[in-house]
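Visitor: The sequence and its predicted three-dimensional model are supplied below.
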Amino acid sequence: VAHLFKHSDMVPNGARRFFGTPGSVKKAKTKETSANITQNKLSFNEESGLLWPVTGKVLLKYSMTNTVFFKTLAQYKCNPGIMIAAKEGTEVKAASDCKVTKISKDDEHGTLITTDIGDNYSVTYGQVDHLKVKKGDVVEEGKIIATVAKPTKYFTKEGANLYMQVTEGKNTVDPLFLLR
């Protein structure tokens with residue numbers, strides 16, 4: 001990447017000017033991004049936010065202070081994440097540059113992929129299958145990590161969906177505040 005830039009291309013804030021083709025810029029950015037996340041320099045900026053991992057309507061919103069009605073369970077309860085409607089088989093994208101820290105399974109959300117996105121933030125994706133990643137993998141934002149699975153028995157009336165939970169330290173955060 002360094003050979004693409006001259007000292008005179010530097011601007012005061014440390015950014016670089018580039019006078020090449022758009023494809024060249026994308027290649028340079030991809031190489032820099034890969035190098036940064038490979039060296040475990042994950043950094044999450046709340047203002048930059050997260051990419052929507054799937055496109056769809058939010059079926060169940062985040063709520064840790066008020067209860068949300070879960071149709072299949074026919075009950076109200078808190079929800080530490082959001083559920084985004086998506087057809088079974090829809091590709092799930094990494095919402096940010098990340099490192100896969102855990103792959104687990106539970107009755108409620110099926111298979112879960114937990115990722116570290118830097119600065120004490122993590123993102124967990126649930127109700128997924130056909131995983132494209134494994135624990136320890138470093139993934140760039142927008143890369144396919146899995147597909148949406150058939151809903152677990154806890155969400156049959158809600159239909160197929162992606163469960164998304166964001167945590168900062170040990171506290172959950174409303175993903176809708178961070179999605180762009």
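Guide: Sure thing, it's come through.
Visitor: quick one: least confident helix or strand in the protein?
Guide: Least confident helix or strand of the chain, by mean pLDDT, DSSP states H and E, is helix 22-38 with a mean of 47.
Visitor: got any ranges where the chain has weak pLDDT?
Guide: Residue ranges of the chain with pLDDT under 70: 1-40.
Visitor: what element comes up after the least confident helix or strand of the chain heading to the C-terminus?
Guide: Using DSSP states H and E, the helix or strand that follows helix 22-38 in sequence is strand 58-60.
Visitor: Number of residues surrounding residue 55?
Guide: A count of neighbours around residue 55, defined by other C-beta atoms under 10 Å, yields 10. Quick note: C-beta positions are derived from backbone N, CA and C, even for glycine.
Visitor: I meant to write residue 59 there.
Guide: 20.
Visitor: where's it relative to residue 102, distance?
Guide: Computed as C-beta to C-beta, to the nearest Å, the residue 59 to residue 102 distance reads 24 Å.
Visitor: now swap in residue 87 and tell me
Guide: Distance from residue 87 to residue 102, by C-beta to C-beta: 26 Å.
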